[in-house]
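> predicted model and sequence below, questions to follow.
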Amino acid sequence: MILAVDVGNSRMKWGLYDPRGWLANGALPNGDIGTLALRDWQNLPRPVRAVGVNVAGEAARVRVEGQLTRWRLPMEWMHASAAAAGVVNGYARPEQLGADRWA
């Protein structure tokens, strides 16, 4: 199972995926990220991997990673690069492209 996370400027979207499809998903304001483990993620099975994008900054990143400690699971944050998986980033400075758009 893979936990996918998209932390935008005002809210976070998430979904838990396995080979049969999406098992669970949700969205919440960024200010509520600290309640995920007690609320939305309380009864979820343990993912084997967590991947995500974050355009909301350091504080949001720290809050999301804190929620993953219940599973002792590191978050794999995606970042824009010059090229990946056959896709070329046309930005002169690839890091300026938002990770959400790159994903």
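Received the coordinates, thanks.
> elements contacting the lowest-mean-pLDDT helix or strand in the chain?
Lowest mean confidence among the helices and strands of the chain (mean pLDDT, DSSP states H and E): helix 99-102, at a mean of 83. Helix 99-102 is packed against strand 49-54, with contacts defined by 3 or more Cβ pairs under 8 Å, 6 or more residues apart in numbering; DSSP states H and E. In this view, the C-beta of every residue, glycine as well, is placed from N, C-alpha and C.
> quick check: neighbours of the strand it packs on in the sheet, parallel or antiparallel?
Partner strands for strand 49-54, per DSSP bridges, with pairing direction: strand 2-7 (parallel), strand 75-77 (parallel).
> just the buried residues of it, please?
Buried residues in strand 49-54, counted by 16 or more other Cβ atoms under 10 Å: Ala50, Gly52, Val53, Asn54.
> CSV for the residues you listed, including pLDDT and distance to Leu68?
CSV is the format used below for these (pLDDT from 0 to 100; distance: Cβ to Cβ, whole Å):
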residue, pLDDT, distance to Leu68
Ala50, 98, 6
Gly52, 97, 10
Val53, 96, 15
Asn54, 95, 13
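> of those residues, which is the nearest to Arg93?
Val53 (17.9 Å; Cβ to Cβ).
> neighbours of the nearest residue to the closest one once chain neighbours are set aside, how many?
The spatial neighbour of Val53 that comes closest, neighbours along the chain excluded (Cβ to Cβ, 6 or more residues apart in numbering), is Ala99 at 4.0 Å. Ala99: 18 surrounding residues under other Cβ atoms under 10 Å.
> can you check Ala24 too?
Counted with other Cβ under 10 Å, Ala24 comes out at 15.
> contacts only, for it.
Gly15, Leu16, Asp40, Leu44 (Cβ atoms under 8 Å, 6 or more residues apart in numbering).
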